[in-house]
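Enquirer: I would like the atomic coordinates for the input below:
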Amino acid sequence: MKNILKIAGLLIILLIISACQSETNDVATEEHPSNRSTEEVPEESQDTLEEEENNDSDLVADEDTYEYEEQEVIEQQIEEGDYDVLVETDNKGTRVMFYEIDGEKYYKTIFVKNDNRLKIIDIRNNNGQIYNEII
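Expert: Modelled structure (predicted):
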């Protein structure tokens with residue numbers, strides 16, 4: 001009887017070890033870039049992608065077109081300048097952006113989407129929060 005329990009215990013241990021090993025192999029093959037299949041993009045799709053990229057650059061060039069709903073208010077509240085907009089976070093609840101020139105951050109904006117609340121913080125001049133209203 002003891003021998004049967006020992007054999008059953010060993011079989012269970014071997015089963016667990018082999019199951020763990022096969023799961024590890026699956027993860028390794030999924031994460032390894034050389035195992036991913038590459039698909040060729042048809043020429044028509046490449047043309048469409050290029051057109052979309054061109055359209056995106058046209059939107060950036062037009063100053064009256066805003067990518068985000070709060071940008072018009074932000075531009076009214078901050079000093080004029082040639083700012084680069086860096087979107088740090090954009091999820092369901094909030095969008096956090098930095099306005100910077102030559103890598104130096106001037107303003108931080110926080111837009112709470114559920115409330116349509118916009119907060120603007122002057123981080124360059126240490127003026128703190130300069131705007132906090134529902135738009």
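Enquirer: Below-threshold pLDDT in this structure: ranges please.
Expert: Along the chain, segments meeting pLDDT under 70 span 20-66.
Enquirer: Outline the domain layout of it.
Expert: Domains of the chain are assigned by automatic domain parsing as 2-31, 69-134.
Enquirer: Packed most tightly, which of these would that be?
Expert: domain 69-134 (a mean of 14; mean count of other Cβ atoms under 10 Å). Quick note: C-beta positions are derived from backbone N, CA and C, even for glycine.
Enquirer: Let's see the distance spanning that one from one end to the other.
Expert: In domain 69-134, first residue to last residue: 12 Å (Cα to Cα, to the nearest Å).
Enquirer: Now that residue 84 has come up, it's in contact with residue 105, right?
Expert: No - with contact defined as Cβ atoms under 8 Å, residue 84 does not count as touching residue 105 (9.9 Å).
Enquirer: what sits in contact with each of those two?
Expert: Common contacts of residue 84 and residue 105 (Cβ atoms under 8 Å, 6 or more residues apart in numbering): residue 99.
Enquirer: where exactly do the helices run in this protein?
Expert: Using DSSP state H, the helices of the chain run over 2-31, 43-61, 71-77.
Enquirer: List the contacts of the shortest one.
Expert: Going back to what we said before, that points to helix 71-77. Applying Cβ under 8 Å, 6+ apart, the contact partners of helix 71-77 are 66, 85, 99, 107, 109, 118, 120, 130-131, 135.
Enquirer: For the nearest residue to residue 95 once chain neighbours are set aside, give me its contacts.
Expert: Using Cβ to Cβ, 6 or more residues apart in numbering and skipping the chain neighbours, the partner closest in space to residue 95 is residue 111 (4.5 Å). Listed by Cβ under 8 Å, 6+ apart, the contact partners of residue 111 are 68-70, 94-97, 117-119.
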